[in-house]
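> for reference, the sequence and a predicted model appear below.
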Amino acid sequence: MSTTTTTTMVTARNPFYGTYLLPDVARQTRSKSALGKEKTTEPKTKLRSDSDQLEHTLAGSSVVEGIQTTISEPPPAGRLEDKNQTSTPATRAPQQSDLLLRRFNSSNIKISPSGRRTCMKILQFISDHSAECAVFSAVKPGEYAKLIEFIDHFGVKTRLTYDQKERSLLVEMPSAIHEAPMAAVQCAFLKFFTALPFPKRLVNTNVLTGITSKKSIPDLRISLQNVADYRFSLIVTGWGETAFSQGVRPMYRKLRTAIKVNPSLLLVMAAVVDETHQYHAPRPGSVAWNTLLFEPTIRSQGDFIAGVGVTRPALDRPLVVEGHTWASLGEVRLKAWIRPGDVDVDDHTIDMSTNDPDKVAEGIFYPTNNMDDVLAIIERGANMIRERLIILCQDIQPNIDIRPLQDPNIAFHFDLDDLHTKLVGAMGETAYERYEDWYTKAPRPRITKRKRNADALEPVSSGTRSKKKRQRVVGAAKRKRY
């Protein structure tokens, strides 16, 4: 295994540490193919097309299909989970999800006893939030439908992806770390559109994260809209999704669905975030459990982050408080595709199975940095979106002068320092969110009556005794004498 050492400095600011110089700490980095090596021992196989697989978000559902990609994906048969992840979350005390489970039990949803048990297992994971994602197998379509009915009614915040062919359900609880890569892409496109001198009273450009659309909830959506005439539909030109390693395959189904529903897509991006330590809530009896849960009030963000014991954050430094790892970062990978053909003719769509280096690239941002190829593809995709914007402006105003829009000095730039800063800030934010969620939901440890009484007693010297205890000793001595 070859190693290299890199050191850079980044000026950053986040709510946990203020303004500081971030060293991209001199570290040893592994040489590995970008996005091509997954942390699993399962073989890589070509996925078949499954037209009856379903992908659902809280906004609705749509038909999806299997895909072929160079990013490692589990084979189509069997469970969708990582070897190191079971299909059920870590065992937690049942009191944490009592409220949500009581709501489900008291609802008028008609479901079989076995289906009710399946739904309750899933709801307990959602309520406990003991991990970022989990895969549940043997979930029947009817059970899934009832679960969605309950989630939609009570407004439970989560993201579900259902595979009807395999009857498996991926439950995701996105965090700040999960959202950081596409947030950096969003900033780059916002700056790009702001610099372009197009008629902003006639054309609406949007770069939105977590936007709810009819078919899905993407992590990033780039769109153009003619606001001078509502008869023209929204033009979706860019799409991005982020997943943890356990959710790679469902993420790619979402991307394939987006391409199918939006043939105008010119740029598609995927990011995979791996944590060094897969998150789980503190175990009962652990140092973090025994220390933090006995505290009468929840710690503030500043007090909690101070428990890390360091003042200078870094991507390669997990956030450990009271012996428990609350957030860590192992690897960040990105991949991007662009569409062939003319930007204004939708007779071609993005081919996610292509290996053409002119149409697809991949790279690792952390711990190594070999992002040149993928940045070049993203930049080309941004210029294609600019071309589509110019065509839209000409459709609205045929006599418009497009030379300012074509100015080569206005260039798209994806700032990797911004991505670095967002990931560092997201680690602190994610760590506190996980602690806050766990502290709020975890059952308070029971203190026995004997312990409470013992704690309430004032310490006495070894040579003195209470009056009551002396009387008991004297009485016992008299009984023994007679």
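That came through fine. Just so you know, these numbers come straight off a predicted model, no measurement behind them. Residues are numbered from 1 along each chain as shown.
> mind showing which ranges of the stretch 201-350 of the chain have poor pLDDT?
Applying pLDDT under 70 to the stretch 201-350 of the chain flags residues 211-217, 246.
> one more time with 80, if that's ok
In the predicted model, the stretch 201-350 of the chain carries pLDDT under 80 at residues 210-218, 230-232, 245-247, 250, 344-347.
> can you give me the strands in it?
Remark: strands assigned in the stretch 201-350 of the chain by DSSP state E, counting those that start in this stretch are 203-208, 220-226, 235-244, 267-274, 319-321, 324-327, 331-338.
> in its sheet, what does the longest one sit against?
I take that to be strand 235-244. Using DSSP bridges, the strands paired with strand 235-244 are strand 220-226 (antiparallel), strand 267-274 (parallel).
> right, and the strands of the stretch 201-350 of the chain - which one's nearest residue 192?
Among the strands of the stretch 201-350 of the chain, the nearest to residue 192 by CB to CB is strand 203-208 (8.8 Å). No exception for glycine: its C-beta is placed from N, CA and C like everyone else's.
> before we move on, the earlier item: tell me the most buried of the strands paired with strand 235-244?
Mean neighbours per residue, mean count of other CB atoms under 10 Å, is largest over those for strand 267-274, with a mean of 24.
> for the closest residue to residue 229 other than its chain neighbours, give its distance to residue 232.
Distances taken as CB to CB, 6 or more residues apart in numbering place residue 396 nearest to residue 229, at 7.8 Å, with adjacent residues excluded. Relative to residue 232, residue 396 is positioned 9 Å away (CB to CB, to the nearest Å).
> sorry, back to before: including distance to residue 118, could the strands of the stretch 201-350 of the chain go into TSV?
Below are the strands of the stretch 201-350 of the chain laid out as TSV (distance: least, CB to CB, whole Å):
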stretch	distance to residue 118
strand 203-208	34
strand 220-226	32
strand 235-244	23
strand 267-274	29
strand 319-321	34
strand 324-327	30
strand 331-338	33
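> residue 401 is nearest to which of those?
The nearest among these, by CB to CB, is strand 203-208 at 14.9 Å.
> tell me which of the strands paired with strand 235-244 sits nearest to residue 312.
Using CB to CB, the strands paired with strand 235-244 put strand 267-274 closest to residue 312, at 22.2 Å.
> and the closest one with strand 331-338, angle?
170 degrees (axes from the mean of the first three to the mean of the last three CA atoms, to 10 degrees).
> circling back to that earlier point, which neighbours do residue 396 and residue 232 share?
Common neighbours of residue 396 and residue 232, using CB atoms under 8 Å, 6 or more residues apart in numbering, are residue 226.
> can you count the residues close to the residue nearest to residue 229?
Residue 396 has 16 neighbours, counted by other CB atoms under 10 Å.
> need the helices for this protein, in chain order.
With DSSP state H as the definition, the chain shows helices at residue ranges 98-106, 113-128, 141-154, 176-195, 248-261, 287-292, 301-306, 372-396, 416-441, 449-456, 467-481.
> any idea which of the ones you listed gets closest to residue 352?
Smallest distance to residue 352 across these (CB to CB): 6.2 Å, for helix 248-261.
> buried residues in that closest one?
Of all the residues in helix 248-261, those buried under the rule 16 or more other CB atoms under 10 Å are 248-259, 261.
> next, the distance between the ends of stretch 260-268.
Chord length of stretch 260-268, first to last residue, is 12 Å (CA to CA, to the nearest Å).
> can you offset everything so residue one is 43?
Right, with 43 as the first residue, what we last looked at is stretch 302-310.
> show me what it is in contact with.
With contact meaning CB under 8 Å, 6+ apart, stretch 302-310 is reached by 104, 107, 257, 264, 277-282, 297, 300-301, 378-381, 385, 388, 391-392, 394, 420, 423-424, 426-427, 430.
> for residue 217, give me its contacts.
174, 468, 472, 475, 476.
> could you list the low-pLDDT ranges of the stretch 43-192 of the chain?
Low-confidence regions of the stretch 43-192 of the chain, defined by pLDDT under 80, span residues 43-145, 147-151, 169-175.
> likewise the stretch 393-524 of the chain?
Ranges of the stretch 393-524 of the chain meeting pLDDT under 80: 483, 485-524.
> try it again with 70
486-524.
> so the residue nearest to residue 271 is in contact with residue 268, correct?
Yes: Residue 438 lies in contact with residue 268 (CB atoms under 8 Å); the separation is 6.0 Å.
> now do the shared contacts for the two.
244, 245.
> buried set for stretch 201-210?
Of all the residues in stretch 201-210, those buried under the rule 16+ other CB under 10 Å are 201, 202, 203, 204, 205, 206, 207, 208, 210.
> quick check: the farthest pair among these?
Farthest pair in those, by CB to CB: 201 and 207, 19.6 Å.
> that older thread, mind checking which of the strands of the stretch 243-392 of the chain is nearest residue 337?
Closest approach to residue 337 among those is made by strand 361-363 (12.0 Å; CB to CB).
> now tell me what touches that closest one from outside.
In this structure, residues lying in contact with strand 361-363 by CB under 8 Å, 6+ apart are 330, 334, 346-347, 349-350, 367-370, 469-470, 473, 477.
> partner strands of it, with direction?
With DSSP bridges as the test, strand 361-363 is paired with strand 366-369 (antiparallel).
> wait, doesn't residue 426 sit right on residue 380?
Yes: under the criterion of CB under 8 Å, residue 426 makes contact with residue 380 at 6.4 Å.
> so for the two, which residue has more residues nearby?
residue 380 (24 against 18).
> so what's the more buried one up against?
Residue 380 neighbours (CB under 8 Å, 6+ apart): 308, 309, 392, 401, 402, 419, 422, 423, 426.
> find the nearest non-adjacent residue to it, please.
Using CB to CB, 6+ apart, the closest residue to residue 380 is residue 423 (4.6 Å).
> rewinding a little: the strands of the stretch 243-392 of the chain: which one's closest to residue 162?
Of all these, it is strand 277-286 that lies closest to residue 162, at 24.3 Å by CB to CB.
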